[in-house]
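**Q** what follows is a predicted protein model with its sequence.
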Amino acid sequence: MKIYFCGSIRGGREDVHVYQKITHKLKDYGSVLTEHVSDPELSDTGEDGTVEGDRAIHDRDVDWLQQSDVIVAEVTQPSLGVGYELGRAVDMKKKILCLFRPSSRRTLSAMIRGAADGERFVVRDYSEDQVEQVLDEFFSRPGI
Ligand SMILES: O=c1[nH]c(=O)n([C@H]2C[C@H](O)[C@@H](COP(=O)(O)O)O2)cc1CO
């Protein structure tokens, strides 16, 4: 199974340790196409700051989205890129899990929470210590 993991990069890297935890667990279910997202060495400038670099990142990521079977997004730290990826993934009719931590005291965008249908697009509130349990639950759903 190919898994596309989304997490904030230029939106801020405060949650990178949570991304690491999620990516580590995701490897139990398949290959993670976007492992760089959870790399603590990657700063909020991203992989490449040039216009050509940004185009290459965009085109590669859209291609990976197309190839992927499941999208898992950590959406607590707001990120334009993650929002864009989720919109594209909905259009591609992909199976999507969004993970949000209410302990952040943020309110998740209505465009993400409001997109949930409980089947193809799942939004799950969780705490950091529930990462394994929440992912096990999601990946044991029929059709995943
Ligand atoms: O360098 C990058 N590499 C990359 O793969 N992305 C993708 C993957 C992430 O899930 C998402 C993060 O978007 P943003 O940088 O707007 O927070 O975009 C984003 C950047 C920088 O915007």
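**A** Yep, that arrived.
**Q** now do the strands in this structure.
**A** Under the criterion DSSP state E, the chain contains strands at 2-6, 31-32, 70-74, 95-100, 121-125.
**Q** next to the ligand, which bits of the protein? Give me the list.
**A** For the chain, the residues in contact with the ligand under the definition C-beta under 6 Å from any ligand atom are 6-11, 34, 37, 46-47, 57, 61, 79-82, 85. No exception for glycine: its C-beta is placed from N, CA and C like everyone else's.
**Q** just the buried residues of these.
**A** In those, burial by neighbour count holds for 6-9, 11, 34, 37, 57, 61, 79, 81-82, 85, counting by 16 or more other C-beta atoms under 10 Å.
**Q** where's the residue in the chain that the ligand sits nearest to relative to His17, distance?
**A** Minimum separation of the chain from the ligand (C-beta to the nearest ligand atom) falls at Gly81, amounting to 1.9 Å. Distance of Gly81 to His17, computed by C-beta to C-beta, to the nearest Å: 19 Å.
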